[in-house]
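Novice: Give me a 3D structure for the following:
(2 chains)
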Protein chains: 2
Amino acid sequence: MNKFWSEMVNRTEPYVPGEQLNDPDIIKLNTNENPYPPSPRVKEAIVEELDGKLRLYPSPTADGLRLAIADTYDVSPDEVFVGNGSDEVLAFSFMAFFHPDKPIRFPNITYSFYPVYAKLFNIPYEIVRVNGDFTLPAESFFGSEGGVIMPNPNAPTSLYMELSSIETILVNNPDRVVIIDEAYIDFATASAVELVRLYENLLVIQTTSKSRSLAGMRVGYAIGHPDLIEALVRIKDSFNSYTVDRLAIAGATAAFKDREYFNSTVLKITATRNRLIHTLKEMGFHVLPSQANFVFAKHTDKAAAEIYVELKNAGILVRHFNQPEIDNYLRISVGTDEQMDSLLRKLEQLLAVDSHI
Amino acid sequence: MNKFWSEMVNRTEPYVPGEQLNDPDIIKLNTNENPYPPSPRVKEAIVEELDGKLRLYPSPTADGLRLAIADTYDVSPDEVFVGNGSDEVLAFSFMAFFHPDKPIRFPNITYSFYPVYAKLFNIPYEIVRVNGDFTLPAESFFGSEGGVIMPNPNAPTSLYMELSSIETILVNNPDRVVIIDEAYIDFATASAVELVRLYENLLVIQTTSKSRSLAGMRVGYAIGHPDLIEALVRIKDSFNSYTVDRLAIAGATAAFKDREYFNSTVLKITATRNRLIHTLKEMGFHVLPSQANFVFAKHTDKAAAEIYVELKNAGILVRHFNQPEIDNYLRISVGTDEQMDSLLRKLEQLLAVDSHI
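Specialist: Residues are numbered from 1 along each chain as shown, chains lettered A, B, ... in the order given. Reported below is the predicted structural model:
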């Protein structure tokens, strides 16, 4: 608290940064980054854009990128908004669609930023408890006063909600915006984008940070009815006219255009994930049926906190949440097959040592 | 107005985008971009960062870049905040330091985004009228209820306020933040950064878009007391943890480190500016004493709106503000010597034709 700070600052809490280990030999499975680089066309497009253009402002509307996204999802460019990472798109969405006097709803186990945005913008919220198996009870989101936001697949549980259930939530919130945060959707059954034409209250938010390997570039986007997109554009234009820089626009556009590379990368990761789940189960882990590029697992005998520390000491970083109900689980990003082999070998050692005690 | 829009969206106004002419032969003197490319080291640094790192999240604190800025200005990294362009830094500052019940003050002729941010965040404001010669009356900013924001040099007037006057504003607002928005400061006498150690209520905001030729990359920054920086960090961390991407961090860091290139570019532009002012005056223009990389000028005989249109028809784009008190002025960015020669030749023709009528 400081005499110069606004009420808004006083509503924030100091951020506890995630672990950043600088050792290049570490196997980093804690932030769900893609283990594969982006399409080689991304680098080509960026190098081309470097020539003589950095001194000029980017396109404030990022038309080329919005067109590439629209083509990918078979929507129109005026149904697409792009921003500086999906976190910015989420923050703009809280500003654009939620109200300081009407509580919104999101799950108790979910993306940790939702309550942070809500506090920042003074938006009240109601927590919907997940079921015993971590699935989401769709009916608990019906008739929300202020709107709904949820990830699908959910994080950190990795669980997917069927589109038919999402439709019931949309139908039962006809006057409120329902935001489906699809950061991990490319590793799952199907995107809610196909519902955008049917429900004017649906906003789907995605990112290039996971399936398109561009976490370092900060490009997120929203797809929805043009009236919802217009609201985001108006917030953006009152906040920062040029949120996505030239190289990000060029790189992300190339990433969307190289569908073959995208498909092959997603296929590799889902194959590795399914092998990982299978082997973890054989080793005595309970693993949720993941539709993301990470798995959420607990071991029958050994505490997650212990496994986390022992893996870290062995140079393998996974994510452990010190939070009720999930503190015996580990979230493990799906890496390359080689990284998964190292992980599984190390786990085998840790668990074998234990079983000998 | 739409049933899904928040009050915040309803407070915004649709943005009227600036002119974007795609003709590569156009001489673009309307957005104060730098006519010279960034340091060659910027490209090298970006190409190096491209190798194998795009798939990984950037540093949320952009430590290397903050250190390079701190070294440049002889401050400590905890006195530096970086953001996605100075517009984002300005928006975060409105969130962090201004209050919905206390009016802030800024000039009537100034950066057009201040009233936009104020409306978005519901912050009341009082307008300080510039003097007849467009200089700012420092004493009119004394004792503000909510804080002060002004550009120095001011835009679009190009006029510089001496640091001694800025000090009187700081002294006379001891409990409120005074933001000096120095987008154009590298073309002027001296930055207020040297006052940061003396005044805990001073926040200086700068950009790499002008003097460092990185408009396409979106990197802005603030320098101030660590308590002010902490407020910006807390807003940022509640809004978007990673606002500056990897290539922007790498490129901007290289730009700050290449001081020789920076100095030579600034020197070229100020020399060209002074020559431009001299010749415009010879041609019958009244030109304000610019300390920016643009000039603000009106002709004795010919209306600015006419000159603007005739220049545009001749492939030269300058800025005309259709706004009381300045609607007979043109804002002209300082380009290369060759671009200025083309501009001056064309102006000579336009004015000669007129004098023959």
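
Novice: which one is residue A:45 nearest to, not counting chain neighbours?
Specialist: residue A:254 (3.8 Å; CB to CB, 6 or more residues apart in numbering or on different chains). Every residue, glycine included, has its C-beta placed from N, CA and C.

Novice: Also residue A:289?
Specialist: Nearest to residue A:289 is residue A:159, by CB to CB, 6+ apart, at 6.9 Å.

Novice: Report the separation between the one you found and chain B.
Specialist: 24 Å (CB to the nearest CB, to the nearest Å).

Novice: got it, and residue A:67?
Specialist: Counting by CB to the nearest CB - residue A:67 and chain B are separated by 15 Å.

Novice: who are the neighbours in contact with that residue?
Specialist: residue A:77 (CB atoms under 8 Å, 6 or more residues apart in numbering or on different chains).

Novice: element containing it, please.
Specialist: helix A:63-73 (DSSP states H and E).

Novice: what does the average pLDDT come to for that helix?
Specialist: Taken as a whole, helix A:63-73 has a mean pLDDT of 98.

Novice: Any buried residues in that helix, and which?
Specialist: For helix A:63-73, burial by neighbour count (16 or more other CB atoms under 10 Å in any protein chain shown) applies to A:64-66, A:68-70, A:72-73.

Novice: Which helix or which strand is home to residue A:149?
Specialist: For residue A:149, the host element (DSSP H and E) is strand A:148-151.

Novice: and that strand, what does it pack onto?
Specialist: Using 3 or more CB pairs under 8 Å, 6 or more residues apart in numbering or on different chains; DSSP states H and E, the elements in contact with strand A:148-151 are strand A:104-107, strand A:178-181.

Novice: Extract the C-alpha trace of that strand and format it as PDB.
Specialist: Output of strand A:148-151 as PDB, limited to C-alpha atoms (Å, rounded to 0.1, in the frame of the first residue of the first chain):
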ATOM      1  CA  VAL A 148     -19.700 -17.800 -17.700                       C
ATOM      2  CA  ILE A 149     -16.000 -18.500 -18.400                       C
ATOM      3  CA  MET A 150     -14.300 -21.900 -18.400                       C
ATOM      4  CA  PRO A 151     -11.400 -23.600 -20.200                       C
END
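
Novice: can you list the residues that contact the next helix or strand after it?
Specialist: Past strand A:148-151, further along toward the C-terminus, the next helix or strand under DSSP H and E is helix A:163-171. Residues outside helix A:163-171 that contact it (CB under 8 Å, 6+ apart): A:136, A:138-139, A:141-142, A:148, A:152, A:178, A:180, A:190, A:192, A:194-195, A:199, A:201-202.

Novice: same thing but at 6 Å, please
Specialist: With CB atoms under 6 Å, 6 or more residues apart in numbering or on different chains as the test, helix A:163-171 has contacts from A:138, A:141, A:178, A:190, A:192, A:199, A:202.

Novice: Name the residues of it that are buried.
Specialist: A:163, A:165-167, A:169-170.

Novice: how far does that helix sit from the chain's center?
Specialist: Offset of helix A:163-171 from its chain centre (CA atoms, centre = their mean, to the nearest Å): 20 Å.

Novice: Check the model's average confidence along it for me.
Specialist: What helix A:163-171 shows for mean pLDDT is 98.

Novice: picking that back up, ok now whatever helix or strand comes next after the helix holding residue A:67, how far from the chain's centre?
Specialist: Next in sequence after helix A:63-73, counting helices and strands by DSSP H and E, comes strand A:80-83. Relative to the chain's own centre, strand A:80-83 is displaced by 16 Å; criterion: CA atoms, centre = their mean.

Novice: Can you tell me the strand partners of strand A:80-83 and which way each runs?
Specialist: Strand pairing for strand A:80-83, using DSSP bridges, gives strand A:220-224 (antiparallel).

Novice: Can you name the residues in contact with the strand it pairs with?
Specialist: A:69, A:75, A:79-83, A:85-86, A:89, A:193, A:196, A:203-207.

Novice: any idea how far residue B:83 is from residue A:46?
Specialist: Distance, residue A:46 to residue B:83, using CB to CB, to the nearest Å: 22 Å.

Novice: How about residue A:316?
Specialist: Residue A:316 is 34 Å from residue B:83, by CB to CB.

Novice: Same drill for those two, tell me which one is more crowded.
Specialist: Regarding residue A:316 and residue B:83, a neighbour count based on other CB atoms under 10 Å in any protein chain shown identifies residue B:83 as having more, with 28 against 21.

Novice: Can you report how many residues lie near the closest residue to that one other than its chain neighbours?
Specialist: Excluding its sequence neighbours, the residue lying closest to residue B:83 (CB to CB, 6+ apart) is residue B:89, at 4.1 Å. By the measure other CB under 10 Å, the count of residues near residue B:89 is 26.

Novice: Equivalent analysis for the one 4 residues further on, please.
Specialist: By other CB under 10 Å, 28 other residues sit near residue B:93.

Novice: Return the residues of the stretch 101-250 of chain A in contact with chain B.
Specialist: When proximity is defined as CB under 6 Å from any CB of the partner chain, the stretch 101-250 of chain A approaches chain B at A:116, A:120, A:177, A:213-218, A:227, A:231, A:234, A:237-240, A:242, A:245-247.

Novice: From what I see, the residue nearest to residue B:83 and residue B:205 are in contact.
Specialist: Yes: with contact defined as CB atoms under 6 Å, residue B:89 reaches residue B:205; the gap is 5.3 Å.

Novice: Distance to residue B:10 for the buried residues of helix A:163-171 - can I get that in CSV?
Specialist: Listed next are the buried residues of helix A:163-171 as CSV, based on distance: CB to CB, whole Å:
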residue, distance to residue B:10
A:163, 32
A:165, 32
A:166, 28
A:167, 29
A:169, 26
A:170, 24
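
Novice: of all these, which comes closest to residue B:263?
Specialist: For these, the closest approach to residue B:263 (CB to CB) belongs to residue A:166, at 57.6 Å.

Novice: And that closest one, how far from chain B?
Specialist: From residue A:166 over to chain B (counting by CB to the nearest CB), the distance is 17 Å.

Novice: how close does that residue get to residue A:227?
Specialist: 20 Å.

Novice: can you map out the helices along chain A?
Specialist: A:7-11, A:40-53, A:63-73, A:86-97, A:113-120, A:163-171, A:226-237, A:246-257, A:259-282, A:304-313, A:337-356 (DSSP state H).
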